[in-house]
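>>> For reference, the sequence and a predicted model appear below.
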Amino acid sequence: MRALDLVHNVVKNYVKEGSLCIDATMGRGYDTSFLSALVGDSGKVIAMDIQQSALDSTRELLNARKQNNVELILDSHENMTKYAEENSVDCIMFNLGYLPNGDHTIYTHADSTIKAINAGLNLLRSGGLMCVSIYYGGDSGYEEKDALMPFLKEIDDTKYQVIMSSFYNWKNDPPIPVFILKN
């Protein structure tokens, strides 16, 4: 099982027809398309990225799959409150790191990611889910991972449950899927 499979299997339990979702790091659009299929024609996905190439490849994928319920936004995930109302979002997904097959000098950073997670927590409706997949191997991400771990541990446990998954026997730097549930 890949980390992505685990995350998608969990998300399927929280996202239904008519849901509002945010793909906070759209990348090449695969999570965006996945969410689009789950929310159906009566739902909506807001997908964000700071790179035009991510937006372009996502648009191409969505067009090929005839998915029209997505708003693509060229902006940082830390600004997601500009695009959704408080307590209105069913699911928010993050894949941290750099754009697959993209420029490895452009990647997510702890400061903007922590701001984005905080913003997203307020956007989630009761019973909503946030998935943060921490990819930290290679030439980026260790600083972000090291800043996120203590931050995630301090999220208010009276309002949220933070579940951290581990691929304990994987070699090198396995991704860390984190699930945050709003009570």
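Right, received. Where do you want to start?

>>> what's next to stretch 124-137, contact-wise?
Residues from elsewhere that reach stretch 124-137 (C-beta atoms under 8 Å, 6 or more residues apart in numbering): 3-4, 7, 10-11, 14-15, 87-97, 117, 120-121, 141-142, 144-145, 148, 152, 172-183. To be clear about C-beta, it is placed using only N, CA and C from the backbone, and glycine gets the same treatment.

>>> burial measure for residue 148, as a count.
Here the number of neighbours of residue 148 (other C-beta atoms under 10 Å) works out to 22.

>>> hang on, it packs against residue 116?
No. Counting by C-beta atoms under 8 Å, residue 148 stays clear of residue 116, with 11.1 Å between them.

>>> Specify the strand with the largest residue count in the chain.
The strand of greatest length in the chain, counted in residues with DSSP state E as the criterion, is given as strand 124-134.

>>> Just want the angle from the helix or strand just after that one to strand 124-134.
As assigned by DSSP states H and E, the chain's next helix or strand after strand 124-134 is helix 142-153. Using axes from the mean of the first three to the mean of the last three C-alpha atoms, to 10 degrees, the interaxial angle of helix 142-153 with respect to strand 124-134 works out to 150 degrees.

>>> and helix 142-153, what other elements does it pack with?
With contacts defined as 3 or more C-beta pairs under 8 Å, 6 or more residues apart in numbering; DSSP states H and E, the packing partners of helix 142-153 are helix 110-123, strand 124-134, strand 160-164, strand 176-182.
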